[in-house]
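Participant: sequence and predicted structure, then a few things I'm wondering about:
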Amino acid sequence: MFKRLVLGAALTAAATLTLSSVGPAFAAHASARTPAPGTVANKLFRAWLAADRAAAAKAATPAAVKTIFTYVYRAPDRFDGCSSNVCRFVHTSVRVPGGLDGIAMVITGSKVSKVYLSRHITEPPTVAKHLFAAWKRGDEYSGLEVATSATVQKLFKVTYDPRGATHFFQGCSKEPQGYSCAYSYEGGAMLMHVRGSRNAGYEVRSISYLAD
């Protein structure tokens, strides 16, 4: 009986020692886990609001820091959450061009690796070329910087084919409510209808297609 009690006590002590030694290691591992995307995004956002580039550099890559500090509008006033690793901050009290409505951040690991911004562009051809370049790259968030959500959705329904018809930029011409910027290709043309002003900034409000 005495031997059985001693053995049981020894086993209990060994189990306790094992658990106590594993506990701190597990806690340290848990604390070293990659933070949630929203946590990382808000860290950069707060640093930007404080104009603290040093703090921003701890939360984002140099390219992302450089981009966010070029934002020309007032700060977005609502955190719109994250979709996978992309987090957005949006405006609710000011109208800005494009469907992004503020700032989007791409989170990679523990840092913001890329920032998208609503852009203030004062020339219709620049807006059209920005949208076309985004379509070629398959980058919808870049498209939303300068075009409405409906426009981006319509354009990106068809994936750009680098082996397909070559698109030629034909410039922009005045139309009743703004400008029409054309890309021609064999068999037709794509028209980007640009609206806005130099003061407010331009955006692609809609697109249409012509067939020969």
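Facilitator: Here it is on my side, so go on.
Participant: quick check: mean pLDDT across the helix or strand harbouring Ala189?
Facilitator: Here Ala189, judged by DSSP states H and E, is contained in strand 188-197. Mean pLDDT, computed over strand 188-197, is 97.
Participant: show me what counts as buried in it.
Facilitator: Buried residues in strand 188-197, defined by neighbour count with 16 or more other C-beta atoms under 10 Å: 189-196. The C-beta positions use only the backbone N, C-alpha and C, and glycine is treated the same way.
Participant: need the helix or strand of the protein with the lowest average pLDDT.
Facilitator: One helix or strand of the chain scores below all others by mean pLDDT, DSSP states H and E: helix 2-31, with a mean of 38.
Participant: domain assignment for the chain?
Facilitator: According to automatic domain parsing, the chain comprises the domains 37-117, 124-211.
Participant: for the most centrally placed residue in the chain, what are phi and psi?
Facilitator: Centrality entry for the chain: nearest residue to the mean C-alpha point is Ala104, 3.4 Å, by C-alpha atoms, centre = their mean. In terms of degrees, to the nearest 10, the main-chain angles of Ala104 are phi -120, psi 140.
Participant: on that earlier part again, among the buried residues of strand 188-197, which one sits closest to Phe89?
Facilitator: Gly196 (22.1 Å; C-beta to C-beta).
Participant: what residues are up against the closest one?
Facilitator: Residues near Gly196 by C-beta atoms under 8 Å, 6 or more residues apart in numbering: 97, 178, 202-203.
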